[in-house]
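Peer 1: Take this sequence and fold it.
(chains A and B)
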Amino acid sequence: MGRILLVTIQVDMHDKLAMTLQDDLTERIVRDHARGVLIDISALDIVDSFIGRMISNTAGMARVLDAQTVVVGMQPSVAITLVELGLRLDGVRTALNVERGMELLGSSLSGFK
Amino acid sequence: MTSFSNHDSSADEVVPIHSGEDVVRLRQVLRQHVQAIRLTLVEQTKFVTAASELARNTLDYGGGGEARIAVVRNDANARQGIRISFIDQGPGIGDIELALSDGFTSGNGMGLGLGGAKRLSDEFHIDTAVGRGTTITITKWKAF
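Peer 2: Next up is the predicted model:
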């Protein structure tokens, strides 16, 4: 199935941290030959458009590097808020938790050795 | 409807917004206020998210500014609420309609996305003109 990277966002991110995360992740995808990325946002109480763009950008960069991204652990109140905010996480699939995220990635990546 | 009178501004909590770290701090400070008046989790999340959007606009488009937070009371039904104003001395908004339109696509939105903050709040007030800066005030009331 190939390597899957798990990124857990635990800190309230400001600009520099977000940039660092994107850069680090891109580097890791290449270095580890990762085919999938799981972004765990279960610790985030607030997801605004800034964080949303960061996630979308990260998924976009991962895609360029031939890796797929799944966001997991979105808190229910965050999900409700994102819908009303009108924020679409384009190109990013979501799953309930890490386990389901792995299944989602697995079914997409099957057939690639 | 609620009025803006009977409000003692000297009791407002002022949070400067001049950096990404300030936006994060603003969220944390506001979170304390909405928790103190016991808004539900969903109400808290919506309002703090709306405030986060506006704070980022203040930073990105307003040249920085400040947020003022106040606990308010609706005289008509005795309910409590939180009101937060975002004030900048930036260029001002010429086209409010455009600013209110949804600007959230995959990262290159055209509008300021103020519509999102408005939807997430109970009250939304904007005072702006080109060359005069911008003040946006949003309010969230307790349900009961």
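Peer 1: make it CA atoms for all contacts and neighbour counts henceforth
Peer 2: Will do.
Peer 1: in chain B, which spans are helices?
Peer 2: B:20-36, B:41-60, B:96-100, B:114-120 (DSSP state H).
Peer 1: Tell me the predicted confidence for whichever residue of chain B sits closest to chain A.
Peer 2: Taking CA to the nearest CA as the measure, the point where chain B comes nearest chain A is residue B:116, at 4.4 Å. Listed pLDDT for residue B:116 reads 92.
Peer 1: before we move on, back to that, would you single out the least confident of the helices of chain B?
Peer 2: Among the helices of chain B, helix B:96-100 has the lowest mean pLDDT, at a mean of 83.
Peer 1: which parts of that one are buried?
Peer 2: Residues of helix B:96-100 classed as buried by neighbour count (16 or more other CA atoms under 10 Å in any protein chain shown): B:96, B:98, B:99, B:100.
Peer 1: for stretch B:23-30, same thing?
Peer 2: Going by 16+ other CA under 10 Å, stretch B:23-30 has these buried residues: B:23, B:24, B:25, B:26, B:27, B:29, B:30.
Peer 1: Quick check: which of these are also close to chain A?
Peer 2: The residues of these that also fall near chain A, by CA under 8 Å from any CA of the partner chain, are B:23, B:24.
Peer 1: looking at the helices of chain B, which is closest to residue A:84?
Peer 2: helix B:114-120 (6.7 Å; CA to CA).
Peer 1: The closest one - contacts with which helices or strands?
Peer 2: With contacts defined as 3 or more CA pairs under 8 Å, 6 or more residues apart in numbering or on different chains; DSSP states H and E, the secondary structure elements packing on helix B:114-120 are helix A:76-85, helix B:41-60, helix B:96-100.
Peer 1: can you do 10 Å?
Peer 2: Based on contacts counted as 3 or more CA pairs under 10 Å, 6 or more residues apart in numbering or on different chains; DSSP states H and E, the elements that helix B:114-120 packs against are helix A:76-85, helix B:41-60, helix B:96-100, strand B:123-128, strand B:134-141.
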